[in-house]
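Novice: Sequence and predicted model, in that order:
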Number of protein chains: 2
Amino acid sequence: MPEAGSEFERIAALLAALPPGEGVVVGPGDDAAVLRPRDGRDLVATTDAFVEGRHFRRDLLTPAEAGARLAVANLSDLAAMGAEPRWALLSLVVPKAWSQAECLLLERACARVLTADGAAIVGGNLAAAEGPFAATLALLGDVERGAAWRRVGARPGDVIAVTGFPGSAAAFTALALSGSPPSRARVPAAIVERVVAPASRVKLARALAASGGVTAAIDVSDGLAADLAHLCEASHVGARIDQASLPADAALNEAARALSTVPATEGDVLTRLRLGASDDYELLLSIEPSKWTDCERISHELGVPLARIGEFTSGSARVLAAASGREMPLDVPGWDHFSEQT
Amino acid sequence: MPEAGSEFERIAALLAALPPGEGVVVGPGDDAAVLRPRDGRDLVATTDAFVEGRHFRRDLLTPAEAGARLAVANLSDLAAMGAEPRWALLSLVVPKAWSQAECLLLERACARVLTADGAAIVGGNLAAAEGPFAATLALLGDVERGAAWRRVGARPGDVIAVTGFPGSAAAFTALALSGSPPSRARVPAAIVERVVAPASRVKLARALAASGGVTAAIDVSDGLAADLAHLCEASHVGARIDQASLPADAALNEAARALSTVPATEGDVLTRLRLGASDDYELLLSIEPSKWTDCERISHELGVPLARIGEFTSGSARVLAAASGREMPLDVPGWDHFSEQT
């Protein structure tokens, strides 16, 4: 069943103001985009969807903020491969409750965030349908041939490092929903900023890739413990995380304290936030020990927080070492055993 | 808000049985797919979405049939560029009303249809969300550098040709919904087959591209008159269509006769079906007159119906020439003036 005639006008309006991308032979407006790959590079391709009510709430995020997060969710996948973003396709499913102006705000914010990392929206699709608003982005990038980072490659002894402050997204949601109506006013400003305008880690990833030393990588979109588990399973290694080294700043500490007063929250809230489910779009990296200092310097030069939080081990056990010296299994989900012990 | 843990298992199940694709360096299971482009080729990229209730109805299409149509909707965009399909990303938004088995059926049928044209699903996304089921496919292909067909390029005097039997999809929907409950039993079997297992025109497109002679192309997913208008506007030409040359077979004739008895249907039903809104995934081609015989022979060898339905003209008028010799404006949507005159 074809779209209404006005779809063409809406797609045209959505795409008209976009800057043309590099390597774009045919952009929006034909049956498909035509793109010119660079010699000696592999392509890297990912897709991520944002569905209203599932991945974002309209009472907590503006359309533009949702668009920016959708862009970063995809950019984060490319950063985790050490790749350079180039082209994107944006597909929207739009219910009557969304105006064309709101769609444009989302799409322009998405395009602006992509452009900052060198990627252009080269095509897309627009469908009117009842149900929740949904935006699906497919992002293409490239990387020097054979040089893509993977989840496999971490070795026992490699440094475990993570960017930013995982747990911030979980803190945002938990605090915003801790009262009625849901409100961002309950969330520390620095945490709100991290969620509504998340930083892309693409530039850091490209700089680290150029310097060498990263042996495996994954993006932290499910939570630090869960994504560490994925990386360990792919690399057939274990991991030992130092609780004291897990990143936290004043804002995350403040959020954890505020959440400690919420009746449903139990145990060591800060640790649960930092390790549990949270879609922060940070990078979890395995780094050769001899290259750690180089990597630390690069992250410092780029102004990206990069914390050394532990090391990969032989075997398959993943443990959290508390300040007391006690080691606990680093399991997800649940944390029941953990909250009992702290 | 991250997905539940079971998402990983479901994605793994969805992707496990897929055949590996050519040029796939890293397939499903990492943060992104890594793909090796072929030297001397341009990439071609498109995306299309199928939303339950908007693009398909569960009482009229099985999950596997919806998956096959989603694949062909995207393949058709690549065929219209003369490109060869290679890799795809499949993103599903799944409400509780859809079982994992149904998702698998849709996904496998989609993969099977893609594989027949040389493309592999190399990644995707799965999100649980309330609302209608939605599947978004992003399809990548390649084409000899600089050789992609476009909507621009048709010249006055070029032959207008179309594959298959546009209007079949519209006939299917109109007949199936002409009684209560909606039923495929009212639709001629050959029409049902065209809709539930639409043919991909990729092989024809590649053979025609190799022989030369196609000066412009578009896929007929909105209806013949509407897509012809897009091509004419892009190429800055007019068009003259011979009503007597528009393709119809016994099944489409039968469907038109059946629809003539439906109270809401007026005017020349067969012509309205063939020119009006209908998502048939056929190709509308502009062909150099001297190459028409070659193209006709190739289509015959491949068993694809290809009808010569008119020619492009100078100016911008699009007209339909009736058997009587009378010419009428070829406008969409509406057909009110047309139904009055026939």
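Specialist: Sure, I can see it.

Novice: C-alpha from now on. contacts and neighbour counts both.
Specialist: Noted.

Novice: can you confirm A:A109 is in a helix?
Specialist: Yes. Assigned with DSSP: H, G, I helix; E, B strand; the rest coil, A:A109 falls within a helix.

Novice: Quick check: it touching A:R69?
Specialist: No. The pair A:A109 / A:R69 is not scored as a contact, 9.1 Å apart, by C-alpha atoms under 8 Å.

Novice: Looking at those two now, which is surrounded by more residues?
Specialist: Between A:A109 and A:R69, A:R69 has the larger neighbour count (other C-alpha atoms under 10 Å in any protein chain shown), namely 28 against 21.

Novice: would you say that one is within a helix?
Specialist: Yes. Read with three-state DSSP, A:R69 is one of the residues of a helix.

Novice: List the residues that contact it.
Specialist: Contact analysis of A:R69 by C-alpha atoms under 8 Å, 6 or more residues apart in numbering or on different chains lists A:C110, A:V195, A:V196, A:A197, A:P198.

Novice: Tell me where chain A has strands.
Specialist: For chain A, the strands defined by DSSP state E cover A:24-26, A:33-35, A:41-51, A:84-94, A:120-128, A:134-144, A:159-163, A:214-220, A:238-242, A:282-287, A:306-313, A:318-321, A:327-329.

Novice: one step back: of the contacts of A:R69 - the most surrounded one?
Specialist: A:C110 (25 neighbours).

Novice: distance of that residue from chain B?
Specialist: Here the criterion is C-alpha to the nearest C-alpha, to the nearest Å. By it, A:C110 lies 17 Å from chain B.

Novice: Let me have the strands of chain A in a markdown table, extended by mean pLDDT and distance to chain B.
Specialist: Formatted as a markdown table, the strands of chain A follow (pLDDT from 0 to 100; distance: least, C-alpha to the nearest C-alpha, whole Å):
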| stretch | mean pLDDT | distance to chain B |
| --- | --- | --- |
| strand A:24-26 | 93 | 8 |
| strand A:33-35 | 96 | 5 |
| strand A:41-51 | 97 | 5 |
| strand A:84-94 | 96 | 7 |
| strand A:120-128 | 92 | 6 |
| strand A:134-144 | 98 | 7 |
| strand A:159-163 | 98 | 16 |
| strand A:214-220 | 97 | 7 |
| strand A:238-242 | 97 | 18 |
| strand A:282-287 | 98 | 11 |
| strand A:306-313 | 98 | 19 |
| strand A:318-321 | 95 | 18 |
| strand A:327-329 | 92 | 18 |
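
Novice: Next up, the contacts around the residue nearest to A:P85 when sequence neighbours are not counted.
Specialist: Leaving aside its sequence neighbours, A:P85 sits nearest to A:G141 (C-alpha to C-alpha, 6 or more residues apart in numbering or on different chains; 4.0 Å). Neighbouring residues of A:G141 by C-alpha under 8 Å, 6+ apart: A:L43, A:V44, A:A45, A:L78, A:A83, A:E84, A:P85, A:R86, A:W87, A:A119.

Novice: how far away is A:P85 from A:A205?
Specialist: As judged by C-alpha to C-alpha, to the nearest Å, A:P85 and A:A205 stand 11 Å apart.

Novice: what do you get for A:S168?
Specialist: Applying C-alpha to C-alpha to A:S168 and A:A205 gives a distance of 21 Å.

Novice: backbone phi and psi for A:F133, please?
Specialist: phi -60, psi 140 (degrees, to the nearest 10).

Novice: Okay, buried residues for stretch A:223-240 please.
Specialist: For stretch A:223-240, the neighbour count (16 or more other C-alpha atoms under 10 Å in any protein chain shown) marks A:223-232, A:234-240 as buried.

Novice: got it, and stretch A:178-197?
Specialist: Applying 16+ other C-alpha under 10 Å to stretch A:178-197 flags A:178, A:182-184, A:186-188, A:191-192, A:194-197 as buried.

Novice: rewinding a little: for the residue nearest to A:P85, give the beta-bridge partners.
Specialist: A:V44, A:P85 (DSSP bridges).

Novice: before we move on, the earlier item: which of the buried residues of stretch A:223-240 fall in helices?
Specialist: Filtering the buried residues of stretch A:223-240 for membership in helices, criterion DSSP state H, returns A:L224, A:A225, A:A226, A:D227, A:L228, A:A229, A:H230, A:L231, A:C232, A:A234, A:S235.

Novice: follow-up on the earlier one: looking at the buried residues of stretch A:178-197, which are in helices?
Specialist: A:I191, A:V192, A:R194, A:V195, A:V196.

Novice: State the distance from the closest residue to the fourth one other than its chain neighbours to A:A161.
Specialist: The one in question is A:V195. Closest residue to A:V195 apart from its sequence neighbours, by C-alpha to C-alpha, 6+ apart: A:A169 at 5.9 Å. Between A:A169 and A:A161 the computed distance is 19 Å (C-alpha to C-alpha).

Novice: Tell me which residue of the stretch 101-250 of chain A lies closest to chain B.
Specialist: A:G131 (4.7 Å; C-alpha to the nearest C-alpha).

Novice: show me the contacts for that residue.
Specialist: A:P95, B:E130, B:G131, B:P132.

Novice: Which one of the residues you listed is nearest to A:L284?
Specialist: B:E130 (31.2 Å; C-alpha to C-alpha).

Novice: Check the contact between the closest one and B:V94; I expect there is one.
Specialist: Yes. The pair B:E130 and B:V94 passes the contact test of C-alpha under 8 Å, sitting 7.4 Å apart.

Novice: before we move on, the earlier item: would CSV of the ones in helices among the buried residues of stretch A:223-240 with distance to chain B be doable?
Specialist: Shown next, in CSV, are these (distance: C-alpha to the nearest C-alpha, whole Å):
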residue, distance to chain B
A:L224, 12
A:A225, 12
A:A226, 9
A:D227, 11
A:L228, 13
A:A229, 12
A:H230, 9
A:L231, 9
A:C232, 13
A:A234, 9
A:S235, 12
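
Novice: mind giving me CSV with the contacts of A:G141 and columns for distance to A:G157 and neighbour count?
Specialist: Shown next, in CSV, are the contacts of A:G141 (distance: C-alpha to C-alpha, whole Å; neighbours: other C-alpha atoms under 10 Å in any protein chain shown):
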residue, distance to A:G157, neighbour count
A:L43, 31, 26
A:V44, 29, 27
A:A45, 31, 32
A:L78, 26, 31
A:A83, 25, 31
A:E84, 28, 23
A:P85, 31, 28
A:R86, 34, 25
A:W87, 37, 26
A:A119, 36, 24
